[in-house]
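>>> let's see this in three dimensions:
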Amino acid sequence: MKVVIVGAGSVGSSIARELLSHKHEILLIDLKPEVIGRSGLRGAHWLVGDACELSTLQDANLEDADVVVSATGDDKVNLVVSLLAKTEFGIGRTVGRVNNPKNDWMFNDAWGVDVAVNTPQLMTALVEEAVEIGDLVRLLTLQTGVSSLVEFTVPHDSHAIGLTVGDIDWPEDSTLVAILRDQAPITPSRDDVIDGGDELFFVTTIAAENQLRELLSPRVGGGQESVAAPAAGDQPGQSDQLDDDGFDG
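Okay, here's the model as predicted:
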């Protein structure tokens, strides 16, 4: 597989190193020629230039790439490169690095981004996953913001304990894909019984996350009856997303 990586800083170089170890063909594009000497990347190809310029991408023969990774420290550059890769060169798969979480909403197919990698959000999710019990934690955004992988650790006083997977009326757009119990993964079936301390992993639409959160959240009185899920379109804060110009800092 041929992969073009724009930005040869610590992130881009680390990605290139891993891909080279898996025998992929790598081309790195960076403005600074000095990064070539200090990268220590053996077997990688290099192009010095501005990846936001169409001529640079033409020199890179970008149309031959299977994947383009925009890994610079500038969100504006990563968006422009992804858009050019999609619209001008028809690249099948683009990956964009998100530096400022406030800009995450723009990393979608409108800007040519297939997969957005939000490092601050990933680190936050890992911290929350380690310490949050009884709350839904988003681990990963999939399909350019349409779906997500989320985790829920069942509290030991949860109303769900003792219920089977089949007993629970899960939201329509959410699928329980794995249960982690005693450090062992379980493929869930309808007959599996929920236990305290279980880590439940779901693939869900972003819109259905609130339904899952309400379904699984602790309830006053501890009843086990099914809860009506909120409407999929009711997502607080949606109207606030465009207030910021998207390029803070």
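
>>> chain neighbours aside, what residue packs nearest to Glu25?
Nearest residue to Glu25 in three dimensions, chain neighbours excluded: Lys2, at 4.5 Å (CB to CB, 6 or more residues apart in numbering). Backbone N, C-alpha and C define where each C-beta goes, glycine included.

>>> now swap in Gly9 and tell me
Of all residues not flanking Gly9 in the chain, Gly73 sits nearest, at 6.3 Å (CB to CB, 6+ apart).

>>> buried residues in the strand or helix carrying Ser82, which are they?
Assigned by DSSP states H and E, Ser82 belongs to helix 75-87. Neighbour counts over helix 75-87 (16 or more other CB atoms under 10 Å) mark 75, 77-86 as buried.

>>> which helices and strands sit right next to that helix?
strand 2-6, helix 54-59, strand 67-70, strand 93-98 (3 or more CB pairs under 8 Å, 6 or more residues apart in numbering; DSSP states H and E).

>>> buried stuff in the last one?
Under the neighbour-count criterion of 16+ other CB under 10 Å, strand 93-98 has 94-98 buried.

>>> list the strands paired with it, with their directions.
strand 67-70 (parallel), strand 115-118 (parallel) (DSSP bridges).

>>> what's the most buried one of these?
strand 67-70 (a mean of 27; mean count of other CB atoms under 10 Å).

>>> mean confidence for that strand?
Here strand 67-70 scores 97 as its mean pLDDT.

>>> what residues does that strand touch?
Outside of strand 67-70, the residues within contact range by CB atoms under 8 Å, 6 or more residues apart in numbering are 1-7, 12, 15, 51, 62, 77-79, 81-82, 85, 91-97.

>>> circling back: redo the helices and strands packed on helix 75-87 as CSV? Include distance to Thr175.
What follows is those, written out as CSV (distance: least, CB to CB, whole Å):
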stretch, distance to Thr175
strand 2-6, 30
helix 54-59, 38
strand 67-70, 27
strand 93-98, 24
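
>>> many thanks, I have nothing further to ask.
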